[in-house]
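J.: Quick one: sequence plus predicted model below, questions after.
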Amino acid sequence: MARYLTAARIKASITALADTRAKAALMDFLILKRTLSVGGQTHVAITQSQPAYLQATKELAGVKLDNSILIGEEKQIFNVFVSQEASRGGFRGGKYISNGTGTTIAGNSWQRVVELTSDDPRKAGLRAGHEAYLEALLLKAAKGAKPSLGETAVWNYRKVDIEPIVGGFAAPADRFNALRDRFVADYSLTAAERDALFSDPAGQITDADLDDAPATPEDYLNGLVAASVPAAAAAATGGTCSLDLVAALAAKPFVILTGASGTGKSRSTLRLAEQLQEHYDAQVKGQIFQLVPIGPDWTSPKKLLGFRTPFGQLRKRADGTETNESYEITETLRIILRACNPSSTKIPHFLVFDEMNLSHVERYFAPFLSLMEASSILEDGENAPIVDKHSMSVISELLNAEDPASAEAESAALLVKNDQPLTLPPNLFYVGTVNIDETTYMFSPKVLDRAHVLEARALRPSEYLAGAKPEETLDLAMGNQLLQEAIDDREAGEGRAADPSQVLVALVDKYGVNAIEFESQRTFTVQVLEGCFKLLAPVGFEFAFRVNKEIYAYMLVWIKAQIINGVAPADAMTHWVDGLDRALFQKVLPKIHGSRSALGDSLKAIHAFLGGSHADRDPAAKYTLGAEASTRIEPGEAINLPPGKEFARCRAKLLEMHGRLLSRNYVSFVK
């Protein structure tokens, strides 16, 4: 009869091993030992093409009962020697197979333990006398217990029938010792290795610790999603991303992140990009994101897009002629070309501009500002090139000489073959981070009008210690779905209708939203926008068609995000005000700036209006500039907010801005 360890007994071993002196790298050493043992060799290749290595990793670290380790997928690997209070709680992505042990043991700190051959792929073995260095390498210096050898064995055999190992023993202590001894044999652990790395306390495996079926990983690994969750969540990869960032990018591919230095502006974008890199790693050649540090001396697009030069190194063309014509190919240009590759057109790619306002954005980013807008208007994308045809032929020659198999070389060659210029692809997203101080420049309305502006808020010191998160998160798979649908919509030219709200009809046609409820919310949105326009026009900040269109596009994404997240369509519509609050915050408020005399009490009036007030209530939704007539929201123009709903983000920001206006006599959205 088959006997398996119960979830409770496995969980006890996890608890016992997590908070010991063991470093995370102990797993790498044990995987190497097991690979050597399975292979029966003194040196083995630690690569995903080697069955012995895959078996060792599955046994010690694989999460699923079927022992699969899916490349690029989150939470397929669990390191039992990592504290569950750590940032990832012991979990690793499936990409660990290709960048885990093999990379770790090649590091400088392992040189006295591991020797590597010059084979291709390199093979790893253990140096003579390596045991003397194991404790310093793999255990923390702080006082505490070494990991238990027996509890490590319990973890190692969590998915297998242990009846052949412990079945001949009735005493719980004898079962525990039998499992420990099998672990020592399977891993070919020497006495010196055991003494250096493990303690050997007594333990037990009682009758209550055994069951006739293997325990489900969800029952003993706290970070896994339970099997009973809705289908939408069960399909997720396990990673998370910023809800606000993904929603803004899906609505408009250009997002500006503001906030105090150190609030994680770059981190949230890079985390999204890195997780998607892992997810798509098997499908793409090279990186799908590029971090671009902006220099203080950038006065033209050359630093981003490169430039053609007649003074390059002499080279011979394919037809035998010689030329000095060349092109300075930038990393930004490479990522644009990779995004254009036919194998990658459905995969999101990211350009992340760090310290975007360290130079005048309007100068170096001008082609992007114009062409990302034109590409959403023009039917023929070739009429909005970012690099012309002649330059593409030079770029293609250079990339082909460098590496004809690269994704960017393939893209360039295809463009030249089809006699096409390079245009901005619909799967490319742009994120810029900004800080405001004496070394930076303010954004012009032209830039702010073309982006969604997100604000990263700093938490209180006590909130960081308590583990609070500064932003709402979304499952990575759902975020990826929103971005892919946005790519499809951009390719199809969605949103070109004269009525900007027409894009919302998809909520009824495709997502099951009640038509009557939809019309009610569309009418509410028009009323909100009308009131904001009326209050902003006298101070010079009325907004035009683009802002209206992009607010409606954002609302489509916002409600889709709720539905994709498993919320019923009727319940998703109750989040309308929350989404509209974000849309106004990101599209309407960022352009507001000016002096006390120019703005007057307009910010207070908008604050009152978004709270449901009008001119004859307190607080009053009205203001007067100089001798001009009062700008008023009449009773019939006031909005009726649903119970429990408010424009919390916008109203808090408006009050903050009004306070700064009074104290400094000048204010802008971006501090």
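T.: Done, it's in. Residues are numbered from 1 along each chain as shown.
J.: Report the central residue of this structure.
T.: Computing the C-alpha centroid of the chain and ranking residues by CA atoms, centre = their mean puts residue 272 first, at 0.9 Å.
J.: Contacts only, for the residue nearest to that residue when sequence neighbours are not counted.
T.: Using CB to CB, 6 or more residues apart in numbering and skipping residues adjacent in sequence, the residue nearest residue 272 is residue 241, 4.4 Å away. Any C-beta I mention is one placed from the backbone N, CA and C, and that applies to glycine too. Taking CB atoms under 8 Å, 6 or more residues apart in numbering, we find residue 241 in contact with 268, 271, 272, 275, 473, 474, 475, 476, 479.
J.: Over to residue 153?
T.: Residue 153 neighbours (CB under 8 Å, 6+ apart): 179, 180, 182, 183.
J.: Wait, a helix at the last one?
T.: Yes: secondary structure of residue 183, determined by DSSP: H, G, I helix; E, B strand; the rest coil: located in a helix.
J.: Show the model's pLDDT score for the residue nearest to residue 272.
T.: If you check residue 241, the pLDDT there is 89.
J.: Check which helix or strand it maps to.
T.: Here residue 241 sits within strand 240-242, counting by DSSP states H and E.
J.: now do residue 271
T.: Short version, using DSSP H and E: residue 271 is in helix 265-279.
J.: For that helix, the averaged confidence score.
T.: The model assigns helix 265-279 a mean pLDDT of 89.
J.: ok, residues contacting it?
T.: With CB under 8 Å, 6+ apart, helix 265-279 has contacts from 72-74, 93-95, 237, 239, 241-242, 245-246, 257-259, 284, 287-289, 291, 347-348, 350, 352, 354, 431, 433-434, 456, 471, 476, 479-480.
J.: Then stretch 29-37?
T.: Residues outside stretch 29-37 that contact it (CB under 8 Å, 6+ apart): 42-44, 46, 50, 52-53, 55-57, 59-61, 100-101, 105, 113-114, 124-126, 134, 138, 152, 186-189, 193, 197.
J.: Ok, stretch 189-200 next?
T.: Stretch 189-200 has contacts (CB under 8 Å, 6+ apart) with 22, 26, 29, 33, 131-132, 134-135, 138-139, 145-150, 152, 180, 183-184.
J.: Please repeat the previous calculation with a cut-off of 10 Å.
T.: 20-22, 26, 29-30, 33-34, 37, 126, 129-139, 145-152, 177, 180, 183-184, 187 (CB atoms under 10 Å, 6 or more residues apart in numbering).
J.: what's the answer for stretch 514-522, then?
T.: 501, 504-505, 507-509, 511, 513, 552, 555, 559, 569-570, 573-574, 576-577, 579-580, 642.
J.: ok, for residue 133, nearest residue in space, not its chain neighbours?
T.: In space, residue 133 is closest to residue 112, 4.6 Å off (CB to CB, 6+ apart).
J.: Around that neighbour, count how many other residues there are.
T.: 15 (other CB atoms under 10 Å).
J.: Could you do residue 565 as well?
T.: For residue 565, the count of nearby residues is 17 (other CB under 10 Å).
J.: For the residue nearest to it when sequence neighbours are not counted, grab phi and psi.
T.: Distances taken as CB to CB, 6+ apart put residue 478 closest to residue 565, at 5.9 Å, once the chain neighbours are dropped. The phi and psi values for residue 478, taken as degrees, to the nearest 10, are phi -70, psi -40.
J.: what about the protein, any weak spots by pLDDT?
T.: In the predicted model of the chain, residues 71-74, 84-88, 143, 225-238, 262-263, 375-383, 464, 467-470, 492-497, 671 satisfy pLDDT under 70.
J.: In it, which helix is the longest?
T.: In the chain, with assignment by DSSP state H, the single longest helix is helix 515-536.
J.: tell me which residues in the helix or strand just after that helix are buried?
T.: Scanning forward in sequence from helix 515-536 by DSSP H and E, the next helix or strand is helix 545-564. Buried residues in helix 545-564, counted by 16 or more other CB atoms under 10 Å: 547-564.
J.: Would you agree residue 53 falls within a helix?
T.: Yes: read with three-state DSSP, residue 53 is one of the residues of a helix.
J.: Surely it and residue 38 touch.
T.: Yes: in terms of CB atoms under 10 Å, residue 53 counts as a neighbour of residue 38; the distance is 8.4 Å.
J.: Spit out the residues that contact these two alike.
T.: residue 44.
J.: right, and residue 54 touches residue 45 too?
T.: No: the pair residue 54 / residue 45 is not scored as a contact, 11.3 Å apart, by CB under 10 Å.
J.: Put the alpha carbons of the longest helix of the chain into PDB.
T.: Presented in PDB, the C-alpha positions along helix 515-536 are these (Å, rounded to 0.1, in the frame of the first residue of the first chain):
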ATOM      1  CA  ALA A 515     -27.300  48.300 -21.700                       C
ATOM      2  CA  ILE A 516     -29.400  50.500 -19.400                       C
ATOM      3  CA  GLU A 517     -26.700  50.600 -16.700                       C
ATOM      4  CA  PHE A 518     -24.100  51.400 -19.400                       C
ATOM      5  CA  GLU A 519     -26.100  54.400 -20.700                       C
ATOM      6  CA  SER A 520     -26.600  55.600 -17.200                       C
ATOM      7  CA  GLN A 521     -22.800  55.600 -16.500                       C
ATOM      8  CA  ARG A 522     -22.100  57.200 -19.900                       C
ATOM      9  CA  THR A 523     -24.500  60.000 -19.100                       C
ATOM     10  CA  PHE A 524     -22.900  60.400 -15.700                       C
ATOM     11  CA  THR A 525     -19.400  60.600 -17.300                       C
ATOM     12  CA  VAL A 526     -20.500  63.300 -19.700                       C
ATOM     13  CA  GLN A 527     -21.900  65.300 -16.800                       C
ATOM     14  CA  VAL A 528     -18.700  65.000 -14.800                       C
ATOM     15  CA  LEU A 529     -16.600  66.100 -17.900                       C
ATOM     16  CA  GLU A 530     -18.900  69.000 -18.600                       C
ATOM     17  CA  GLY A 531     -18.600  70.300 -15.100                       C
ATOM     18  CA  CYS A 532     -14.800  70.000 -15.000                       C
ATOM     19  CA  PHE A 533     -14.600  71.700 -18.400                       C
ATOM     20  CA  LYS A 534     -16.800  74.600 -17.300                       C
ATOM     21  CA  LEU A 535     -14.700  75.200 -14.200                       C
ATOM     22  CA  LEU A 536     -11.300  74.800 -15.900                       C
END
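J.: buried residues in that helix?
T.: Buried residues in helix 515-536, counted by 16+ other CB under 10 Å: 517-518, 521-522, 524-525, 528-529, 531-536.
J.: Looking at the residues you listed, which two lie furthest apart in space?
T.: Spanning the widest gap among these are 517 and 536, at 28.6 Å by CB to CB.
J.: helix/strand/coil for residue 386?
T.: Secondary structure, three-state DSSP: residue 386 is strand.
J.: how close does it sit to residue 270?
T.: Distance from residue 386 to residue 270, counting by CB to CB, to the nearest Å: 24 Å.
J.: Look at those two and report which has more neighbours.
T.: Neighbour tally, residue 386 and residue 270, criterion other CB under 10 Å: the higher count belongs to residue 386, 21 against 18.
J.: so that one makes contact with residue 367?
T.: Yes: using CB under 10 Å, residue 386 is in contact with residue 367, at 5.9 Å.
J.: ok, back up a step: among the contacts of helix 265-279, which are in helices?
T.: Counting by DSSP H, the contacts of helix 265-279 contribute 245, 246, 476, 479, 480 to helices.
J.: Scan those and report the most crowded one.
T.: So for the ones in helices among the contacts of helix 265-279 (other CB under 10 Å), the most neighbours sit at residue 479, 29 neighbours.
J.: Let me see the contact set for that one.
T.: With CB under 10 Å, 6+ apart, residue 479 has these contacts: 236-237, 239-243, 245-247, 249-250, 272, 275-276, 348, 473, 561, 564.
J.: any idea which helix or strand carries the closest residue to residue 607 other than its chain neighbours?
T.: Ranked by CB to CB, 6+ apart and with sequence neighbours excluded, the top spatial neighbour of residue 607 is residue 654, at 4.2 Å. Element membership for residue 654 (DSSP H and E) is helix 648-664.
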